[in-house]
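S.K.: quick one, structure for this:
(one chain, ligands or ions: 1)
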Amino acid sequence: MTADQTFPDGFYWGVGTSSYQVEGAWDEDGKGVSIWDRYAHTPGNIKNDDNGDIANDHYHRYKEDVSLMRSINATAYRFSIAWPRIFPEGAGEPNKKGLDFYSRLVDELLAAGIEPFATLYHWDLPQALQDRYGGWQSKDTAHAFADYAGHVAEQLGDRVKHYFTINEFASFVEGGYQIIEVQVGGGKTEKLGGAPGLNLSPAELKQVRHHAVLGHGLAVQAIRAGGPAGTKVGFAENMAVAIPIIDTPDYVKAAEAATRNGNAGFMTVMLGGTYTDEYLAEAGGTTPTFTDDELTIIASPLDFVGINVYKPRSYVEPTEEPPGYREIPINASHPKMHSAWHVLDPAVMYWAPKLVQSIWGAESIFITENGCAASDTLTRDGRVYDSDRVMFLRAFLDQLQRATSEGVPVDGYFLWSAQDNFEWIAGFGDRFGLIYVDFDSLQRTPKLSAEWFREAARRNAVV
Ligand code: PNW
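M.R.: Sure, this is the predicted structure:
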């Protein structure tokens with residue numbers, strides 16, 4: 001082992017999941033209905049009409065799942081809290097039984113030496129708020145979110161020290177309130193949607209984005225007010241990363257400008273405190289309506305920046321004329337991982353945190369998700385040979401290590417996902433886990449990649 005393959009001391013080796021994707025128990029112990037329950041129960045929305053009613057049954061099997069995490073040397077677990085378990089109606093009276101589940105889970109994690117990192121919103125909005133306010137179309141949802149976040153920090157704050165407010169603004173806003181079109185090469189796009197399944201105008205969509213970042217900012221303040229001193233908070237965003245074709249100052253400057261613009265509605269305003277003129281002028285230019293006070297709330301100081309890193313959004317070269325960069329098309333033959341949207345380039349794992357540091361001066365960064373789907377099968381010898389995932393992880397962590405060795409302040413990495421789970425509109429078809437799950441028997445089997453992760457975490461190094 002050469003020293004230059006290691007990560008900084010204290011680096012977290014985490015795995016991640018989200019409530020709707022793994023918990024099941026969709027109507028147990030007083031839980032309210034979420035927009036994903038409603039959406040998945042509506043025929044035609046999800047591949048094979050799968051749903052998360054049972055999913056991995058993590059709600060009942062969390063002890064086994066924590067022990068599996070322990071067995072692969074994970075030192076952190078990023079899970080999400082289902083808002084409708086805590087407030088079945090979105091607001092009002094809390095449901096103690098719902099909170100008790102997370103309290104038991106946290107105890108189990110701490111006993112196993114695994115640090116809990118809680119995400120407060122991974123898309124399962126209480127259906128009651130969708131019905132009452134049109135979900136994130138209303139500022140009232142942002143305020144209800146902050147009340148719920150503050151309550152959780154009060155109740156779990158003695159043991160949970162790290163919170164992510166919202167997971168992937170871009171995914172649930174664009175996907176749920178319109179449709180996302182992801183560039184996959186050769187001019188083709190892949191369409192991604194999700195709950196609540198609306199199709200708003202560009203102007204309405206911009207207002208929804210504004211309410212989502214406002215909800216984040218209000219929640220940051222509520223978590224700080226509700227939790228004990230030392231509670232840490234940030235967001236987890238699917239950052240749109242522009243990769244410079246060549247690593248020279250002029251290309252990097254172009255990549256910075258493109259990344260700043262590409263994240264204008266979310267990261268750029270949350271970290272910079274302003275909407276760019278370009279963003280305010282673009283499609284739907286009459287919105288968002290906002291106040292200076294709201295901008296201050298949205299840009300509340302954070303303890304860390306969480307980024308989900310899967311793929312580059314684009315490649316750029318510099319131009320003389322504004323905006324100073326040009327996004328070049330992704331080639332038709334560009335390699336992809338198993339998911340149709342998953343354009344492959346490990347260099348994004350170097351550039352994503354590097355750009356977060358250079359554009360916004362972040363002093364602590366977490367990779368809150370990284371991983372890939374693969375066509376995993378349980379073979380007759382009882383093993384799962386996910387050679388492509390091992391290749392993917394080695395290549396991406398190599399690039400992350402390159403960043404930390406240059407002083408980019410990345411404090412931890414969360415692999416997506418701890419286990420195969422309900423992959424939203426793709427149902428149970430797209431397997432992202434280190435652990436294979438048979439969705440009939442619910443039996444768990446560690447894959448080859450789990451063996452790889454165990455050794456990498458043990459050595460705190462790329463292996
Ligand atoms: C994320 N893209 O979604 C979510 O946070 C997870 O819940 C999900 O299971 C995981 O990544 C895998 O899909 C993404 O098009 C959706 O680049 C779309 C993209 C990336 C991540």
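
S.K.: flag every residue of the stretch 1-150 of the chain that's near the ligand.
M.R.: 18, 21 (Cβ under 6 Å from any ligand atom). For every residue, glycine as well, the C-beta is placed using N, CA and C.

S.K.: by proximity to the ligand, which residue of the stretch 1-150 of the chain wins?
M.R.: Ser18 (5.1 Å; Cβ to the nearest ligand atom).

S.K.: quick one: that residue and Ala255, what's the gap?
M.R.: 30 Å (Cβ to Cβ, to the nearest Å).

S.K.: Ile46 now?
M.R.: For Ile46, the distance to Ala255 - Cβ to Cβ - is 36 Å.

S.K.: between the two, tell me which one has more neighbours.
M.R.: Ala255 (29 against 23; other Cβ atoms under 10 Å).

S.K.: how would you label Glu327: helix, strand or coil?
M.R.: Secondary structure, DSSP: H, G, I helix; E, B strand; the rest coil: Glu327 is strand.

S.K.: okay, now the residue nearest to it when sequence neighbours are not counted: neighbour count?
M.R.: Ranked by Cβ to Cβ, 6 or more residues apart in numbering and with sequence neighbours excluded, the top spatial neighbour of Glu327 is Ser314, at 4.1 Å. Ser314 has 20 neighbours, counted by other Cβ under 10 Å.

S.K.: point out the residues in the stretch 251-400 of the chain that sit beside the ligand.
M.R.: By the rule Cβ under 6 Å from any ligand atom, the part of the stretch 251-400 of the chain lying against the ligand is 308, 310-311, 341, 369.

S.K.: 5 Å instead?
M.R.: For the stretch 251-400 of the chain, the residues in contact with the ligand (Cβ under 5 Å from any ligand atom) are 310, 341.

S.K.: and the residue in the stretch 251-400 of the chain that the ligand sits nearest to, how close does it get to Pro196?
M.R.: Taking Cβ to the nearest ligand atom, the ligand has its nearest neighbour within the stretch 251-400 of the chain at Trp341, 4.0 Å off. Distance, Trp341 to Pro196, using Cβ to Cβ: 21 Å.

S.K.: ok, Ser441 next?
M.R.: According to Cβ to Cβ, Ser441 and Pro196 sit 33 Å apart.

S.K.: okay, these two: which has more neighbours?
M.R.: Neighbours per residue, other Cβ under 10 Å: of Ser441 and Pro196, the larger number sits with Pro196, 19 against 7.

S.K.: who's in contact with the residue lying closest to that one once chain neighbours are set aside?
M.R.: In space, and not counting its chain neighbours, Pro196 is closest to Ile35: 4.8 Å by Cβ to Cβ, 6+ apart. By Cβ atoms under 8 Å, 6 or more residues apart in numbering, Ile35 lies in contact with 123-127, 130, 135, 176, 195-196.

S.K.: now the two most distant members of those.
M.R.: Pro126 and Gly176 (14.2 Å; Cβ to Cβ).

S.K.: which of these two has more neighbours?
M.R.: Pro126 (28 against 25).

S.K.: count the neighbours of the residue lying closest to Lys31 once chain neighbours are set aside for me.
M.R.: Distances taken as Cβ to Cβ, 6+ apart put Arg85 closest to Lys31, at 4.6 Å, once the chain neighbours are dropped. Neighbour count for Arg85, taken as other Cβ under 10 Å: 28.

S.K.: repeat for Thr276
M.R.: With other Cβ under 10 Å as criterion, Thr276 counts 17.

S.K.: show me the contacts for it.
M.R.: 260-261, 264, 268.

S.K.: swap in 10 Å and give it another go.
M.R.: 260-261, 263-265, 268-269, 282, 323 (Cβ atoms under 10 Å, 6 or more residues apart in numbering).

S.K.: repeat that for Met337.
M.R.: 310-311, 343-344, 371-374, 388-389, 391-392.

S.K.: just the pLDDT for it.
M.R.: Listed pLDDT for Met337 reads 98.

S.K.: what does the one 5 residues further on give?
M.R.: Listed pLDDT for His342 reads 97.

S.K.: what helix or strand does Val106 sit in?
M.R.: helix 96-111 (DSSP states H and E).

S.K.: pLDDT on that helix, on average?
M.R.: Mean per-residue pLDDT for helix 96-111: 99.

S.K.: list the buried residues for stretch 222-237?
M.R.: 222-224, 226-227, 231-237 (16 or more other Cβ atoms under 10 Å).

S.K.: what do you get for stretch 61-80?
M.R.: Those would be 61-62, 65-66, 68-70, 72-80, for stretch 61-80 by 16+ other Cβ under 10 Å.

S.K.: just how off-centre is the helix or strand harbouring Arg85 within its chain?
M.R.: In the assignment (DSSP H and E), Arg85 maps to helix 83-86. In terms of Cα atoms, centre = their mean, to the nearest Å, the centre of helix 83-86 is found 19 Å from the chain centre.

S.K.: swap in stretch 446-453?
M.R.: 22 Å.

S.K.: could you look up the SS state of Asp53?
M.R.: coil.

S.K.: isn't it right next to Asp27, touching?
M.R.: Yes - Asp53 lies in contact with Asp27 (Cβ atoms under 10 Å); the separation is 8.1 Å.

S.K.: what's the overlap in contacts for the two?
M.R.: Asp37.

S.K.: need the helices for the stretch 351-463 of the chain, in chain order.
M.R.: For the stretch 351-463 of the chain, the helices defined by DSSP state H, counting those that start in this stretch cover 387-405, 448-459.

S.K.: having no further points to raise, I will conclude here.
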